[in-house]
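Asker: Based on what follows, work out the 3D shape:
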Amino acid sequence: MTRIDALSKTLLISTGIFCALLCAAFVIRFFLNRWMRKWAGATETMMDDRLLAIISRPVFYIIIIYGLDVSVARLPFHFELLKIFRGGIFLFGLFLVSVVVYRVFMTLFDWYGEKLEDRKEATALIREFIPLTKRVFSIFLFTITVIIALRHFNYDAWSLLTAMGVGSLAIGLAAKETLTNMISGFSIMIDRPFRIGDRIELASGEIGDVQEIGLRSTRIKTFDNTILVVPNSALVNASLVNYCYPDFKVKTRVRVGIAYGSDIEKAKRIMLEITKEVPTILQDPPPGVYFTDFGDFSLNLLMIFWVSQYTEMFAAKDRVNSMIHERFAREGIVIPFPIQTVYVKK
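Answerer: Coordinates of the predicted model:
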């Protein structure tokens, strides 16, 4: 076989490979646009329709680019212009793949955010967590794309990774507290020890309603109508009380001291009757009154009851205290002052 015949055979094979892949590209595009779209239209979610719209056209061009690169690679020519042409084909194909991956993941993030929009506790997650994840993924994808391109052209990509690692270490040391709070913010968003609208009590004693859960801090509205800004790391590393978990019911305690010599059973009966007259007090679980101890100047009683909403706790306690004071005065049960008897020895 002469050299001209070998060249003709190589050109024929290269042309055949390109034509075969071109036909495959048309077949795949027809399959995606006709059958896959019909299948996606029959499903309830719009997610598959969005993904098909994203990948159908780029997949067609990626197959053609791959076929062109394979065909050109078989040619027995070694021109510098041919190397540049193949390099351009590779960069264009890599760019298309990166764009497809980016758009697919952004669509997934947006779809997940739309699913959470009807949930009140997900407001901060949509506003803070998802946009940050998008930015982190974009940086990661860009870095991987650059490294692949450099490796293809035989450039040292490890030096770039080393420089990025040193830079990241310097930034991490300089922003240690900020990064700690951000990681704690991720933990709060994932673990969900409290949600927006929950009433919580901090370890330091402050009580308030959660207004916003950010990446660096959490904002709590106190009873004084002020906003308490707490770093997320302080919330993750400390104990707190969530009044809304597992439900909105909350236990309330009222302590009363009656004078020595009073009828304890009568006082208990009056206090239990009062709990039935306050609408916000639940009868299941039933309220209870207990004689707890002998005080210095009084017999101490403890009443425990449940209210249906934690927001009604203080109003219910105020109503109960007022009615106990009124009923005890009417029934002759004395609530004594603190007294002390002093005996003087002559």
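
Asker: for the stretch 101-250 of the chain, which spans come out with low pLDDT?
Answerer: Applying pLDDT under 70 to the stretch 101-250 of the chain flags the ranges 113-129, 132, 156-176.

Asker: just so I have it, where are all the strands in it?
Answerer: Listed in chain order, the strands of the stretch 101-250 of the chain (DSSP state E, counting those that start in this stretch) span 199-201, 207-213, 217-222, 227-231, 241-242, 250-258.

Asker: Turn those into CSV, columns for distance to Phe105.
Answerer: C-beta here means a position set from N, CA and C on the backbone, and glycine is covered the same way. Shown next, in CSV, are the strands of the stretch 101-250 of the chain (distance: least, Cβ to Cβ, whole Å):
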stretch, distance to Phe105
strand 199-201, 34
strand 207-213, 24
strand 217-222, 28
strand 227-231, 31
strand 241-242, 34
strand 250-258, 43
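
Asker: Can you lay out the ones you listed as TSV showing distance to Cys23 and mean neighbour count?
Answerer: Output for the strands of the stretch 101-250 of the chain, formatted as TSV (distance: least, Cβ to Cβ, whole Å; neighbours: other Cβ atoms under 10 Å):
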stretch	distance to Cys23	mean neighbour count
strand 199-201	64	19
strand 207-213	54	19
strand 217-222	59	18
strand 227-231	61	15
strand 241-242	62	14
strand 250-258	71	16
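
Asker: what is the rounded mean pLDDT of the helix or strand Val320 falls within?
Answerer: Using DSSP states H and E, Val320 sits within helix 313-331. Mean per-residue pLDDT for helix 313-331: 91.

Asker: What separation do you get for Leu150 and Val97?
Answerer: Note on Leu150: its distance to Val97, by Cβ to Cβ, to the nearest Å, is 16 Å.

Asker: Could you give the separation of the helix holding Val320 from the chain centroid?
Answerer: 43 Å (Cα atoms, centre = their mean, to the nearest Å).

Asker: And that helix, what's buried?
Answerer: 313, 316-317, 319-320, 323-324, 327-328 (16 or more other Cβ atoms under 10 Å).

Asker: now for that helix, which elements pack on it?
Answerer: Helices and strands touching helix 313-331, by 3 or more Cβ pairs under 8 Å, 6 or more residues apart in numbering; DSSP states H and E, are strand 250-258, helix 264-277, strand 299-307.

Asker: quick one: contacts of it?
Answerer: The contact list for helix 313-331 (Cβ atoms under 8 Å, 6 or more residues apart in numbering) reads 250, 252, 254, 256, 258, 266-267, 270-271, 273-275, 277-278, 280-281, 303, 305, 307, 334-335.

Asker: Nearest residue to the middle of this protein?
Answerer: Nearest to the mean C-alpha position of the chain, by Cα atoms, centre = their mean, lies Met189 at 3.2 Å.

Asker: Would you agree that one is in contact with Glu212?
Answerer: No - assessed by Cβ atoms under 8 Å, Met189 is found out of contact with Glu212, at 11.9 Å.

Asker: ok so, going back, among the helices and strands packed on helix 313-331, which is the most enclosed?
Answerer: Neighbour counts (mean count of other Cβ atoms under 10 Å) averaged over each of those peak at strand 299-307, with a mean of 19.

Asker: Can you give the strand pairings for it, parallel or anti for each?
Answerer: Paired strands of strand 299-307, with direction, are strand 250-258 (antiparallel), strand 281-282 (antiparallel), strand 288-294 (antiparallel) (DSSP bridges).

Asker: ranges for the helices of the stretch 101-250 of the chain?
Answerer: Assigned by DSSP state H, counting those that start in this stretch, the helices in the stretch 101-250 of the chain fall at 123-124, 130-152, 158-174, 176-191, 232-236.

Asker: Can you report how many residues neighbour Val97?
Answerer: Look at Val97: counted by other Cβ atoms under 10 Å, it has 16 neighbours.

Asker: Asp296 now?
Answerer: Close neighbours of Asp296, defined as other Cβ under 10 Å, add up to 9.

Asker: Quick one: residues contacting it.
Answerer: Per Cβ under 8 Å, 6+ apart, neighbours of Asp296: 338, 340.

Asker: So it: helix, strand or coil?
Answerer: Following DSSP: H, G, I helix; E, B strand; the rest coil, Asp296 is assigned to coil.

Asker: Next, give phi and psi for it.
Answerer: In terms of degrees, to the nearest 10, the main-chain angles of Asp296 are phi -70, psi -30.

Asker: Next, work out how far apart it and Gly261 are.
Answerer: 15 Å.

Asker: Also Tyr245?
Answerer: Using Cβ to Cβ, Tyr245 is found at 45 Å from Gly261.

Asker: quick one, which of those two is more surrounded?
Answerer: Set Tyr245 next to Gly261 and count neighbours by other Cβ under 10 Å: Tyr245 wins out with 13 against 7.

Asker: So the more buried one sits against Ile200, correct?
Answerer: No - in this structure, Tyr245 is not within contact of Ile200 by Cβ under 8 Å, at 9.3 Å.
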